[in-house]
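**Student:** compute the structure for the input listed below.
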Amino acid sequence: MALAIVATLALVAWGTLRGRPQDVPWTPLDLGQPVGLFTGRKLTGLTADPALCRGLLTQAGVRFTALPARRDGQCGYDDAVRLTTGGARSSALAPSNLGISCPVAAALAMWEWNVLIPAARRHFDARVTRIDHYGSYSCRRLYGRDAGAWSEHSTADAIDIAGFALSDGTRISVARDWKSDGAKAAFLREVRDGACGLFATVLSPDYNAAHRDHFHLDQAARGARGWRACR
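**Tutor:** Sure, this is the predicted structure:
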């Protein structure tokens, strides 16, 4: 325990001295900053402050519409937004009329800017023009069971990403290309790994057969210890 505390303090001091506020736990989150050591935890923490989250989206130039609260029995949300098209920092999500929790929207924006764009440029010398998804809000329990814990989809705190389209016409599919060789598989692994620094949970085909055709990304709040999952 003592060693872990010393290591954390050393990392904080390192981030402070280098002028990287994103590497320091108590500095305010800025979606326009590069991803840092504590960015993921700060994004997950936005679950407790919808107004702050919406303010950060606005500050970063993300176009969105705040959605009214929704209740469906045990399911529902209070902090959902719909990312809108148009403008320099519009969303590439398709279909585009998706409602997602604000912390997921904030993490998606940072994932697109800091991970997807450079990965597409590096592997294909192209731009990401479309992020295909299977949706977000769904009032159901984990794996569609009749009992047990509720899925993060039941509060719009999750999104399932199916693939990508690039400006050169390239199409990349999690289902088709994850186990392939070459640039498409390398791209998928790079963007999966990059998501792990931004979302509380990242599940890919490496996790189980239920995720063979998509990445599950969520901002599950897991209490003070805040453990994270990346598979």
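**Student:** C-alpha coordinates for stretch 166-177, CSV please?
**Tutor:** What follows is stretch 166-177, C-alpha atoms only, in CSV (Å, rounded to 0.1, in the frame of the first residue of the first chain):
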residue,chain,number,x,y,z
LEU,A,166,-13.0,6.2,-43.6
SER,A,167,-12.7,9.0,-46.1
ASP,A,168,-10.9,6.8,-48.7
GLY,A,169,-13.9,4.4,-48.8
THR,A,170,-12.3,1.8,-46.4
ARG,A,171,-14.9,0.0,-44.1
ILE,A,172,-13.7,-1.6,-40.9
SER,A,173,-15.9,-4.0,-39.0
VAL,A,174,-15.3,-5.5,-35.6
ALA,A,175,-17.1,-8.7,-36.6
ARG,A,176,-15.2,-9.2,-39.8
ASP,A,177,-11.8,-7.7,-39.2
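**Student:** buried residues in that stretch, which are they?
**Tutor:** Neighbour counts over stretch 166-177 (16 or more other CB atoms under 10 Å) mark Leu166, Thr170, Ile172, Ser173, Val174, Asp177 as buried. Where C-beta positions appear, they are placed from N, C-alpha and C, glycine not excepted.
**Student:** contacts for it, please.
**Tutor:** 120, 124-129, 161-165, 184-185, 187-188, 204-205, 212-215 (CB atoms under 8 Å, 6 or more residues apart in numbering).
**Student:** doesn't Thr47 belong to a strand?
**Tutor:** No: assigned with DSSP: H, G, I helix; E, B strand; the rest coil, Thr47 falls outside any strand and is helix.
**Student:** so how far is His216 from it?
**Tutor:** Distance, Thr47 to His216, by CB to CB, to the nearest Å: 17 Å.
**Student:** go on, Leu203?
**Tutor:** For Leu203, the distance to His216 - CB to CB - is 4 Å.
**Student:** and the spatially closest residue to Arg20 that is not a sequence neighbour, how many residues sit next to it?
**Tutor:** Spatial nearest neighbour of Arg20, excluding adjacent residues (CB to CB, 6 or more residues apart in numbering): Gly36 at 5.8 Å. Applying other CB atoms under 10 Å, we find 19 residues neighbouring Gly36.
**Student:** now for Gly36: which residues touch it?
**Tutor:** Residues near Gly36 by CB under 8 Å, 6+ apart: Gly15, Arg20, Pro21, Gln22, Asp23, Val24.
**Student:** can you classify it by secondary structure?
**Tutor:** Going by three-state DSSP: Gly36 is coil.
**Student:** C-terminal to the lengthiest strand in the chain, what's the next element?
**Tutor:** Counting by DSSP state E, the longest strand found in the chain is strand 158-166. Next helix or strand after strand 158-166 toward the C-terminus (DSSP states H and E): strand 171-173.
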